[in-house]
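Q: I'll drop the sequence and a predicted model, then ask my questions.
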Amino acid sequence: MIVVELIGGLGNQMFQYAFGIRLATERQTELVASGFLLKNRLLAKLRHYTYRHFELDAFGIAEPSSSPVNLVRAILPIPQSMVLLRETTTGTAVLPLPPYAEHIVCVGYWQSEHYFKTVKSAVRQQFTFRKPINDFTRRVKDCIAGSPNPVFVHVRRGDYVTNTNASQHHGVCGIDYYKKAIAVVNKQIDSPDFYVFSDDLDWVRQELGPLLGQATYVDGNRGPDSWQDMFLMSQCRHAIIANSSFSWWGAWLNAEPSRIVIAPRNWFTAKTSDQLLPNHWVSL
């Protein structure tokens with residue numbers, strides 16, 4: 001059995017589950033999600049994380065148990081069939097597991113396509129949106145479908161600005177990044193239609209509005225409906241993403257081979273992110 005301990009928002013949960021799909025496929029065993037770390041408000045407060053909800057139900061994945069039993073068993077300092085697999089701090093190599101490991105509890109973010117590249121088809125199939133979209137999303141989807149060159153632009157501020165821990169860890173993509181990205185799009189794509197997603201649309205209108213021209217500012221999905229913004233992102237042919245796993249997946253879920261995806265080179269403030277972006281994406 002593979003157990004993935006979920007942490008973070010929808011994009012992070014998807015990275016963790018995708019890694020679990022890989023391990024479960026390789027070992028021909030069951031994959032189970034755990035919500036113990038995700039649903040623990042005390043841990044979130046102590047570690048200065050933004051508390052998140054389980055969001056993989058958008059893909060038909062069942063609400064996980066919040067029992068700590070598997071994690072506690074895995075961290076016991078005695079040889080047993082349940083072992084803990086933690087993400088390494090360097091590269092995307094997976095640490096070797098002891099031969100007696102039958103059940104694996106995975107704790108980490110696993111933010112790279114390299115962690116699930118061998119099972120990409122299975123990951124795409126799993127991450128097919130299963131929940132019905134609302135009327136607002138349907139109207140935007142129809143607009144996107146009627147455009148020859150829809151480009152989504154994601155500007156994440158929110159907790160990257162208000163949460164000191166998140167701000168120090170991630171930083172915020174600045175205006176210069178978006179200016180360069182929009183310039184690349186305007187140079188390589190004829191008549192792009194920009195669809196803008198952000199938790200701070202007023203800031204985007206003020207700072208980037210003149211560059212984006214007649215853009216569509218997507219402002220209708222909040223809280224439990226936020227996953228529908230990722231759905232809409234995935235409908236756009238091209239993308240300018242933020243240093244956010246949410247828009248990373250919004251871009252990745254569109255399998256259009258000729259699409260242009262522009263991403264920030266610096267995903268974090270204090271460590272490299274060379275392995276985080278697929279090779280064919282443009283990093284600025």
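A: Structure received. Residues are numbered from 1 along each chain as shown.
Q: Break down this structure into its helices, ranges please.
A: In the chain, the helices defined using DSSP state H lie at 10-27, 41-46, 69-75, 120-126, 135-145, 158-162, 164-170, 175-188, 201-212, 227-235, 245-252.
Q: of all the ones you listed, which lies closest to L276?
A: Comparing the helices of the chain against L276 with Cβ to Cβ, the closest turns out to be helix 245-252 (7.8 Å). Backbone N, C-alpha and C define where each C-beta goes, glycine included.
Q: helices or strands up against that closest one?
A: Contacts defined by 3 or more Cβ pairs under 8 Å, 6 or more residues apart in numbering; DSSP states H and E place helix 245-252 against helix 10-27, strand 150-155, helix 227-235, strand 238-240, strand 261-263.
Q: Rebuild the ones you listed as a markdown table, extending it with mean neighbour count.
A: Formatted as a markdown table, the entries for the helices and strands packed on helix 245-252 read as follows, by neighbours: other Cβ atoms under 10 Å:
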| stretch | mean neighbour count |
| --- | --- |
| helix 10-27 | 22 |
| strand 150-155 | 27 |
| helix 227-235 | 23 |
| strand 238-240 | 27 |
| strand 261-263 | 24 |
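Q: wait, which of these is closest to P278?
A: In this view, the helices and strands packed on helix 245-252 are compared for proximity to P278 by Cβ to Cβ, and strand 261-263 is the closest at 7.7 Å.
Q: Tell me the strands beside that closest one, with direction?
A: Applying DSSP bridges to the sheet, strand 261-263 is found paired with strand 238-240 (parallel), strand 282-283 (parallel).
Q: centre of the chain versus that strand, how much separation?
A: Computed by Cα atoms, centre = their mean, to the nearest Å, the separation of strand 261-263 from the middle of its chain amounts to 14 Å.
Q: do the same with stretch 230-238
A: For stretch 230-238, the distance from its own C-alpha centre to the chain's C-alpha centre is 13 Å (Cα atoms, centre = their mean).
Q: Which of the helices of the chain sits closest to P99?
A: Between P99 and the helices of the chain, the shortest gap by Cβ to Cβ is with helix 10-27, which sits at 13.0 Å.
Q: Dig out what the closest residue to V184 other than its chain neighbours forms beta bridges with.
A: Nearest non-adjacent residue to V184, counting by Cβ to Cβ, 6 or more residues apart in numbering: I262, 6.0 Å away. Each beta-bridge partner of I262 is listed here, defined by DSSP bridges: I240, V282.
Q: Number of residues surrounding W203?
A: Burial of W203, expressed as a neighbour count using other Cβ atoms under 10 Å, amounts to 14.
Q: Same check on the one 4 residues further on?
A: Residues lying near E207 (other Cβ under 10 Å) number 15.
Q: quick one: it from S147, how far?
A: Noted for E207: a distance of 24 Å to S147, by Cβ to Cβ, to the nearest Å.
Q: Tell me where the stretch 51-200 of the chain is predicted with low confidence.
A: 79, 89-95, 159-171 (pLDDT under 70).
Q: if we can go back for a sec, so the residue nearest to V184 makes contact with L284?
A: Yes: with the criterion set as Cβ atoms under 8 Å, I262 and L284 qualify as a contacting pair; they are 6.1 Å apart.
Q: How about G209: what's its closest non-neighbour residue?
A: Counting by Cβ to Cβ, 6+ apart, the residue nearest G209 is A215, at 7.6 Å.
Q: Need the helices of the chain in a markdown table (columns: distance to L85).
A: Putting these into a markdown table (distance: least, Cβ to Cβ, whole Å) gives the following:
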| stretch | distance to L85 |
| --- | --- |
| helix 10-27 | 8 |
| helix 41-46 | 19 |
| helix 69-75 | 8 |
| helix 120-126 | 18 |
| helix 135-145 | 37 |
| helix 158-162 | 28 |
| helix 164-170 | 23 |
| helix 175-188 | 34 |
| helix 201-212 | 39 |
| helix 227-235 | 27 |
| helix 245-252 | 20 |
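Q: Could you report the separation of V204 from M230?
A: Here V204 is placed at a distance of 18 Å from M230 (Cβ to Cβ).
Q: Next: T50.
A: Distance check for T50 against M230: by Cβ to Cβ, it reads 17 Å.
Q: Likewise for I175?
A: Taking Cβ to Cβ as the measure, I175 falls 24 Å from M230.
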